[in-house]
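Colleague: A structural model of the following input is requested.
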Amino acid sequence: MKHLALTIFLLTSFYPVYAQDVVIEATENEDIILDFSGFEDETAPEITFTQTSGGTYNHTDFDASTGKMTFNFSADDIYDFDFFQESGDCKSTTSVRFVVKAKSEPIPENPAPQNSEISLIVPNIFTPDNNGVNDYFHVKYSEKPQQFAIRIYDRNGKEVFSSTDPDFKWDGSNCNPGTYFYIVNYRDIKTDKTQSGSLSMLNKKR
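Modeller: Model prediction:
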């Protein structure tokens, strides 16, 4: 008895096998091409096989013109086959075990790290005198909040300005120089937060 020689193609790689009890590791739904050689009668090769263990699978019939056949396994399992080629009284054989593993899910890329909290930078003085320097009251952030609201009150508790735009700018319209108070409500990653304080309007152009 003679062993069949096999060249096994797995995707773009291949390697020759010349012994029995061949073990091939593969992935489910992956085409595996078996290229047979070493026939007793090169003019009339014929390959048959018997499955000895494992589940269902798909395959293409042996192509005598190329010496190839293809297997594809749709489930992770262990599949055992005996391949035969007979010529007269001589039978060549090779046993092949396919160890098929499930496809692993791609590992998602780690999202960009976020700050554990958002810090607000709130000035306490602005000078709306139209000189191009510090003419507006506005808030800066380490990271812009997705939810935001600000209210500004005078000394008597009257609301003089409000906005839900994190990029707001207040120029002190219709208000006199003096001390004002603000309350900012914003969402910090997953937490609602509040920050309050006072600010002074100076040198307003009349």
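Colleague: Going by C-alpha atoms from here, please, whenever you check contacts or count neighbours.
Modeller: OK.
Colleague: Correct me if wrong: residue 141 contacts residue 119.
Modeller: Yes. Counting by CA atoms under 8 Å, residue 141 does reach residue 119; the two are 5.8 Å apart.
Colleague: Show me how this protein divides into domains.
Modeller: For the chain, automatic domain parsing gives the domain ranges 2-101, 120-201.
Colleague: and the ones you listed as TSV, adding mean neighbour count and mean pLDDT?
Modeller: Converted to TSV, the domains of the chain look like this (neighbours: other CA atoms under 10 Å; pLDDT from 0 to 100):
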stretch	mean neighbour count	mean pLDDT
domain 2-101	16	74
domain 120-201	15	91
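Colleague: show me what contacts residue 103?
Modeller: Applying CA atoms under 8 Å, 6 or more residues apart in numbering, we find residue 103 in contact with 27-28.
Colleague: do you know how far it is from residue 74?
Modeller: Noted for residue 103: a distance of 10 Å to residue 74, by CA to CA, to the nearest Å.
Colleague: Overlap of the contact sets of these two?
Modeller: residue 28.
Colleague: show me where the chain has helices.
Modeller: Ranges of helices within the chain: none, based on DSSP state H.
Colleague: Show me what the spatially closest residue to residue 26 that is not a sequence neighbour is bridged to.
Modeller: Counting by CA to CA, 6 or more residues apart in numbering, residue 26 lies nearest to residue 100, which is 4.8 Å off, once chain neighbours are set aside. Residue 100 forms beta bridges with residue 26, residue 77, as assigned by DSSP bridges.
Colleague: Let me know the distance separating residue 100 from residue 27.
Modeller: Distance from residue 100 to residue 27, by CA to CA: 5 Å.
Colleague: and what of residue 139?
Modeller: Computed as CA to CA, the residue 139 to residue 27 distance reads 56 Å.
Colleague: Quick check: neighbours shared by residue 100 and residue 27?
Modeller: 73, 76.
Colleague: residues contacting the nearest residue to residue 48 once chain neighbours are set aside?
Modeller: Leaving aside its sequence neighbours, residue 48 sits nearest to residue 84 (CA to CA, 6+ apart; 5.2 Å). By CA under 8 Å, 6+ apart, the contact set of residue 84 is 4, 47-49, 91-94.
Colleague: Show me what stretch 195-206 is in contact with.
Modeller: With CA under 8 Å, 6+ apart as the criterion, stretch 195-206 contacts 123-130, 172, 176-185.
Colleague: Touching, residue 28 and residue 74? I think so.
Modeller: Yes. At 5.0 Å, residue 28 counts as touching residue 74 under the criterion of CA under 8 Å.
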